[in-house]
Structures are given as structure tokens and as C-alpha cells.
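J.: Dropping the sequence and predicted coords here.
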Amino acid sequence: MAACPPRTPVTVPLAQARGLVLASDVVATEAVPSFDNTAVDGYAVRAADVAAAPVTLRVVDEVAAGAVSDHVVEPGTAIRIMTGAPVPNGCDAIVMVEETERVGEDAVLVRTPVSPGDAVRAAGSDVTPGTTVFTAGTPVTAMVEGVLASINAREVTVHAPVRVAVLSTGDELVDDGSPLRPGQIRESNRTMLRRIIAEAGAEVVDLGIVRDDEALLEQVLTDAVETHGCDALVTSGGVSMGDYDVVKAVLARVARMQWFQIAMKPAKPFAFGTLPVRAGGAVPVFGLPGNPVSSLMSFELLARPALRQMMGHPHPHRPRVRGIVDEDVPRRRDGKTHFDRVHAFWGTDGRVHVRRTGPQGSHQLASTAVANAIMAVPDGEGVRAGDTVTVTFLGPDSGPSAQF
């Protein structure tokens, strides 16, 4: 995390800010709304005139949104008004059309009284000039974008988007749909990683499958940072302590790498380092293990938070809660924390409950694909049904599902 600070702020048009993170506070220069307007379709009236409702008032004008009435609401009169239209001079309340009945062409029967201010949206009631509407660190969601548009924020300062290169290596990998020959396997890690990296908010540069050729791999890695301008690299496979792998050999030569054995299962092997750039500085390199589930778990728990931090997210980790496990989960003591893939759902007691989705092997991606969370099982003999566990949510719609 220390090697992955937020990117340098840039100023971009609002239309390009979706999914990025504000790098500075946004202060409103305009009031929202900019004028008093009606919250409903109805009639602009003086509250005193309808205090003894039902009463009949003379209708002197009609005003729609985007128009302005030249008439003043005087005693005994009303103006027909549509939602969003400016409140006419002289009135202090709006009667909903459902509480009225038109009488002929120029009169209206008001059935219920109203109080001053009813159904009137005052100027600045949402935002006033000088208000800090968003602070640095706020992700630009669709709703945030809407507010920024409402205050005429045509440009915003955000942390620069992050470009992440993804590649797979190995002569055994096949991704063209052709029949498998002995020793070959279908490529899946790169396919999975480029999707979850994009879901994390980064721009993905797919470098494809690189064959077991050190010179070729070195050129691909160099091009990723020097030509494609990538801000981070993600590889999978070849990071175990005993491996001799093209990825490990090349990264050890061209980058400042560290090779780890982490006390977790799956995803014990992990590599991290930085690749120098000719123009100065360096880009982070995340070396994930090759087993599909291990690759996913190490990305989720280690690489994803670092990438999110680079994007400026002040809270880069996935949401975590305490949940109830609904089944016994035995395990052996091995010095590691186990991360089991689970389905998290709301129980009838109003709490989050979890159940494992199926086999938990590091190669068994199919059962992992239906999980919406990870359950941490501490080192020891396991957990029993009814125990409380830490649950980390996965996916773009992080959170428990409806009752299982």
C-alpha cells in the first residue's frame, strides 16, 4: 500500500469523471434551486385566502415550468402552476391539484387549507453558494455527477485514472477455442482478472498470452509501461518459492521484486515489486499465483485495495461485516487463515448469515463463481454452526442477498 499512493490529480470535463475520485473539495457557486418554485402541480395561492376552505378563487393565469407569470396573486385569486415553475409574486403556498376542482374557465374550488410555504421549494433549499457539496475522496457516482451538473461544475479535479496491464504466460495456455492437446489448459485467469480489474474502476490493457520466451516477455513488460503508459502490472503464475518460471526470471531481472509466502489459504504465494520507468519513477507489479481461486483471492485481498488506493479511494477495501455461519466448518491447524467462499444472505433474525458455496480447492473456480462473499476462518480447529465470523463482500453489488 505504501508503494501505491494516489495518482496525481488532473482536471477533466464532468462527462469524463464518472467512476473517478475527487481530488479536491467542490464548492458551489450557484444556489440550487436558483429560484422559488413549486414542488407539485396545483394552484399558487395566499394561505390566508384558503384558511376557511372550502373557498372559490378566481384563476388569473397559468404558468408551466420554464415560464414566468407576469401576474401577481392578489387577495381572492390563484394561478394554475405546474411542477418546477417559478412561484408567482404575491403567493406564499401551493395547493395540490388533487385538493381542488375547476369551476368553469376562470375559477377553482380549493377544498383544504394550506400553510405558508406548503409545496414551495425555496431558492437554495438544496444547495447555497459557498457550500462544500463534496469533499476530496468522494467517488463520482451517477448521483454525484447529477449534483455537480446542477451546480454547473463543468470541470472537476480528480485522481488520474489508473491503467492496469494484465497478462498470462505459458505455452500450455489456450484461448482460441481449439481442441486441447495433452498438457494444455484453457486460459481463465486473465479473462477473470481483466473483468474484476475493470469492475474495480481501472482501465484494463490486455496484453494477451505471452509464450515462455524471456526476451519476448521482457519486451511485453517494457512496452506496457513505456508504450502503453500502464500504471500497474498484474501477472498470474510462477511466483511460488520453488518455481523456475519465465515470469519469475524476467521480473527478478527487470524489476525490484519481493517473493512472499503469506499465511493464508488459498493464495499463499504472492509477489510484489516495482518496475522502473525511463522517464522516472516506477510502476507496481502484482505477481499473483497461478491456481484460479488463488489468483482471485490474492487479487481481492492484496492487489485490489492497492489499485483502489492509487485511484484515490480513501477506503479502498471491500465492505466487511460480522456474520453468522450456518454450518460446521472443520479445518486443521496449519498456521494460516483460511478464506472460504460463501453465499451471504439476510437471515430471518435480521443478521447476515453465510454458507459455503461448495468445494474450496484452489483450482475449483466453478463453486467460487457463485459466491458473493469471503469468510475468514482463523487458524485452529474451524468454526461451528452459529459462530460469528468476519465476512468480506465481493462483486460490484457488494452486500448480502435476499434470504437464502
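T.: Thanks, I have it.
J.: Please count neighbours and contacts with C-alpha atoms only from this point.
T.: Fine.
J.: how about the strands in the stretch 301-404 of the chain?
T.: Listed in chain order, the strands of the stretch 301-404 of the chain (DSSP state E, counting those that start in this stretch) span 320-325, 329-330, 337-346, 352-356, 373-377, 382-383, 388-393.
J.: Rebuild those as CSV, extending it with distance to E145, mean neighbour count and mean pLDDT.
T.: Converted to CSV, those look like this (distance: least, Cα to Cα, whole Å; neighbours: other Cα atoms under 10 Å; pLDDT from 0 to 100):
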stretch, distance to E145, mean neighbour count, mean pLDDT
strand 320-325, 27, 18, 96
strand 329-330, 45, 14, 96
strand 337-346, 31, 23, 95
strand 352-356, 32, 24, 95
strand 373-377, 29, 24, 96
strand 382-383, 44, 16, 96
strand 388-393, 26, 22, 96
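J.: For E105, which of those is the nearest?
T.: Comparing the strands of the stretch 301-404 of the chain by their distance to E105 (Cα to Cα), the top pick is strand 337-346, with 56.7 Å.
J.: Packing partners of that closest one?
T.: The contact analysis (3 or more Cα pairs under 8 Å, 6 or more residues apart in numbering; DSSP states H and E) places strand 337-346 against strand 264-265, strand 352-356, strand 373-377.
J.: Just want the angle from it to strand 352-356.
T.: 120 degrees (axes from the mean of the first three to the mean of the last three Cα atoms, to 10 degrees).
J.: angle of strand 337-346 against strand 373-377?
T.: 130 degrees.
J.: Which residues does the least confident helix or strand in the chain by mean pLDDT contact?
T.: Lowest on mean pLDDT, DSSP states H and E among the helices and strands of the chain sits helix 365-369, with a mean of 80. The contact list for helix 365-369 (Cα atoms under 8 Å, 6 or more residues apart in numbering) reads 292-293, 341-342, 357-360.
J.: Same list, the strands of the stretch 301-404 of the chain, but as a markdown table with distance to A107 please.
T.: Shown next, in a markdown table, are the strands of the stretch 301-404 of the chain (distance: least, Cα to Cα, whole Å):
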| stretch | distance to A107 |
| --- | --- |
| strand 320-325 | 60 |
| strand 329-330 | 75 |
| strand 337-346 | 55 |
| strand 352-356 | 58 |
| strand 373-377 | 62 |
| strand 382-383 | 74 |
| strand 388-393 | 60 |
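J.: Among those strands, which comes closest to A142?
T.: Here strand 388-393 is closest among the strands of the stretch 301-404 of the chain (Cα to Cα), at 22.0 Å.
J.: Could you export the closest one as PDB, CA atoms only?
T.: What follows is strand 388-393, C-alpha atoms only, in PDB (Å, rounded to 0.1, in the frame of the first residue of the first chain):
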ATOM      1  CA  THR A 388     -19.600 -15.300  14.400                       C
ATOM      2  CA  VAL A 389     -17.200 -14.800  11.500                       C
ATOM      3  CA  THR A 390     -15.700 -11.900   9.500                       C
ATOM      4  CA  VAL A 391     -17.400 -11.600   6.100                       C
ATOM      5  CA  THR A 392     -15.900  -9.700   3.200                       C
ATOM      6  CA  PHE A 393     -18.300  -9.000   0.300                       C
END
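J.: hang on, the earlier thing: keeping just the C-alphas, turn the least confident helix or strand of the chain into CSV.
T.: Output in CSV follows, covering the C-alpha atoms of helix 365-369 (Å, rounded to 0.1, in the frame of the first residue of the first chain):
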residue,chain,number,x,y,z
LEU,A,365,-13.3,-21.8,-9.7
ALA,A,366,-16.8,-23.0,-10.5
SER,A,367,-18.0,-23.1,-6.9
THR,A,368,-16.3,-19.7,-6.3
ALA,A,369,-18.2,-18.1,-9.2
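J.: Tell me the buried residues in it?
T.: 365, 367-368 (16 or more other Cα atoms under 10 Å).
J.: right, and out of the contacts of helix 365-369, which lies closest to R195?
T.: P292 (13.9 Å).
J.: Check the contact between the closest one and Q360; I expect there is one.
T.: No - using Cα atoms under 8 Å as the test, P292 is too far from Q360 to be in contact (11.6 Å).
J.: And what about R190, helix, strand or coil?
T.: When classified by DSSP: H, G, I helix; E, B strand; the rest coil, R190 comes out as helix.
J.: Spit out the contact partners of it.
T.: 166-168, 208, 236 are the contacts of R190 under Cα under 8 Å, 6+ apart.
J.: which of P292 and Q360 has more neighbours?
T.: More neighbours surround P292 than the other of P292 and Q360, with 26 against 20 (other Cα atoms under 10 Å).
J.: picking up where we left off before, now the buried residues of helix 365-369 in TSV, please, with extra columns for distance to D387.
T.: As requested, the buried residues of helix 365-369 are exported to TSV (distance: Cα to Cα, whole Å):
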residue	distance to D387
L365	26
S367	23
T368	22
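J.: ok, of the residues you listed, which one's closest to I151?
T.: Of the buried residues of helix 365-369, the one sitting nearest to I151 (Cα to Cα) turns out to be T368, at 44.1 Å.
J.: if I look at the closest one, how far off is V234?
T.: Applying Cα to Cα, to the nearest Å, the value for T368 to V234 is 21 Å.
J.: Let me know how buried the nearest residue to P54 once chain neighbours are set aside is, in neighbour terms.
T.: Nearest non-adjacent residue to P54, counting by Cα to Cα, 6 or more residues apart in numbering: R111, 4.2 Å away. Counted with other Cα under 10 Å, residues neighbouring R111 total 17.
J.: again with M143
T.: 10.
J.: quick one on the thing from earlier: need the helices and strands packed on strand 337-346 in JSON lines with distance to E30, can you?
T.: Shown next, in JSON lines, are the helices and strands packed on strand 337-346 (distance: least, Cα to Cα, whole Å):
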{"stretch": "strand 264-265", "distance to E30": "52"}
{"stretch": "strand 352-356", "distance to E30": "43"}
{"stretch": "strand 373-377", "distance to E30": "43"}
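J.: where along the stretch 1-150 of the chain do the helices fall?
T.: 142-150 (DSSP state H, counting those that start in this stretch).
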